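> give the three-dimensional model of this entry:
(one chain, ligands or ions: 1)
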Amino acid sequence: MIYRKCFLIALSSIIVGCSASAVGRFADPRLAQNNSVPEGDPGCERATLVSTGGAFPRNPRTLAIRWTGYTNYELVYNNQIILLDAHFDRGSTFPPLGFTAADVKRANLILIGHGHLDHMSDAASVGARTGAIVVGAPVTTDKLKTQAIDAKQIRTVTGKGGELLEFTGFKVEPILGRHGEPPKDVTAAFDNALKAVAPKPTAAQVAERNEIRQRGTNDPRVVTEGTIAYLITLDDGFRIMFRDSGGTVTDYEKAAMARVGRVDVALVAVSASFLHTLTAQRALEHMRTYKPDVYIPGHHDAPFNGLWRATEPLFQAIKDENPNIIAVSRAYREPICFDTENNIQRRP
Ligand SMILES: [Zn+2]
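From the prediction side, this is the model:
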C-alpha cells in the first residue's frame, strides 16, 4: 500500500505542473517502472504504442504521450489516437524505434508539421492503413497527393487563421510557423568533421535512404509556407503545442499565444544549430512564447554516424529562467501520462 502511494506521488510529480518546484517531491525513479504496482495503468506504464496494439489509458481523460524519434509523438486521449509527424522506417543507419510503419494499425489523425522526409515519409502508408485524416501545409499535401492514399483523407491548412479542425474530444488550430535555418558556417563545419571521422554508409544504405527521401519534399517553400505548428485543445481545456522544427517564432504564433496565454505541454523540436549557445537561445524563445508547464523536446536523436542534440543544456537554460518549468525527456516509446483535468485553464 505504501508502495502504491509512493508510485502515485512519483507519477503525479511527473504529471502535474502544480508544484512550486519541479524537484521538490520525493520520486524514486524505480517505482514508476515497476509493473507490479497494484492497480497500475498499463496504458501509462508500457513502452508500446497504442497505435501498434498497446493499451489505452484506463481513464479516457488521461493523456498518454510517447516520443518515437525525431518529432514523432503519439498522443492518446479519449480513446483517440493522434500521430504527430510520421517518419518511422528510417533505415539501417538509424537506431531502431522498436516498431515499423507497418506495425501502426490504428490512428484517427496524423498532423504533419512539415514535408521534409524525416517528418512525413510514412504518412501516406500509415494514413492508408488506418484511415486516419492527414493534415499538412499545401506543400506537404501536394506531395501526399502523389502517394497511395485516398485524397478524401487529406486536409490542407495554411496556418494563417480560420482553420479550426474539430475531432472527438479535441480541436486543432494550425498556426503557420517557420522552419529552422541553422547557420551554414556552423553546420558545414560539424558535418565535415562528422564525415571525416564516421564510418561511411554502404552503397545499399545510401540507396535505402534515397528511397525514403522520395516520400518527402525538399521544396524551398517548406521554410516559410510549409511549417505548421499545431495547437491542440482537449475538451477539458488542456492544451498542447506541437512544433516540429526549431525555427524562429512567427507573428502567427505570437498572435495565437497572445490569445490563449499558455499551454500545458509543449512538444518542440530542438534546433539544428549544434552549439548549445544557439540551441538554448532558440529553446528559450519557444518557451517564452508558449509558456508551458511541461516541455518535452524532440528532434534530438540522430543516425548512428550523427550527433544527438543534447537536451540537458536546454533544460538548464530554461530552468535558470523559469525554475517551475518541468522538462521531460524519455526513451523511444516510453509513456508520459497527464491527468488532463488538472490544467492551466481550470486553475484559479
Ligand atoms: Zn525539416
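> let me see the contact set for Asn72.
Contact analysis of Asn72 by C-beta atoms under 8 Å, 6 or more residues apart in numbering lists 83-88, 298. C-beta: built from backbone N, CA, C; applies to glycine.
> how about stretch 271-286: buried residues?
Going by neighbour count (16 or more other C-beta atoms under 10 Å), the buried part of stretch 271-286 is 271-274, 276, 278-280, 282-284, 286.
> relative to Ala123, which of those is nearest.
Nearest to Ala123 out of those is Ala272 (C-beta to C-beta; 21.3 Å).
> and the closest residue to that closest one other than its chain neighbours, helix, strand or coil?
Distance criterion C-beta to C-beta, 6 or more residues apart in numbering; nearest residue to Ala272, sequence neighbours excluded, is Pro182 at 4.5 Å. Here Pro182 is coil, with the state taken from DSSP: H, G, I helix; E, B strand; the rest coil.
> hang on, the earlier thing: list just the nearest of the buried residues of stretch 271-286 to Asn324.
Of the buried residues of stretch 271-286, the one sitting nearest to Asn324 (C-beta to C-beta) turns out to be Leu284, at 14.9 Å.
> where does that closest one sit: helix, strand or coil?
Per three-state DSSP, Leu284 ends up helix.
> surely it meets Glu321?
Yes: counting by C-beta atoms under 8 Å, Glu321 is a contact partner of Leu284 at 6.4 Å.
> Phe338 falls within a helix, correct?
No: using three-state DSSP, the assignment for Phe338 is strand, not a helix.
> surely it touches Asp264?
Yes: using C-beta under 8 Å, Phe338 makes contact with Asp264 at a distance of 7.3 Å.
> secondary structure class for the closest residue to Thr279 other than its chain neighbours?
Excluding the flanking residues, the one nearest Thr279 by C-beta to C-beta, 6+ apart is Ser271, at 5.0 Å. Classification of Ser271 by three-state DSSP places it in coil.
> any idea how far Asn322 is from Ser271?
Ser271 is 19 Å from Asn322, where distance means C-beta to C-beta, to the nearest Å.
> quick one, what contacts the residue nearest to His300 when sequence neighbours are not counted?
Beyond its immediate neighbours in the sequence, the residue positioned closest to His300 (C-beta to C-beta, 6+ apart) is Arg309, lying 4.2 Å away. Arg309 is in contact with 270-272, 274, 279, 299-300, 302, counting by C-beta under 8 Å, 6+ apart.
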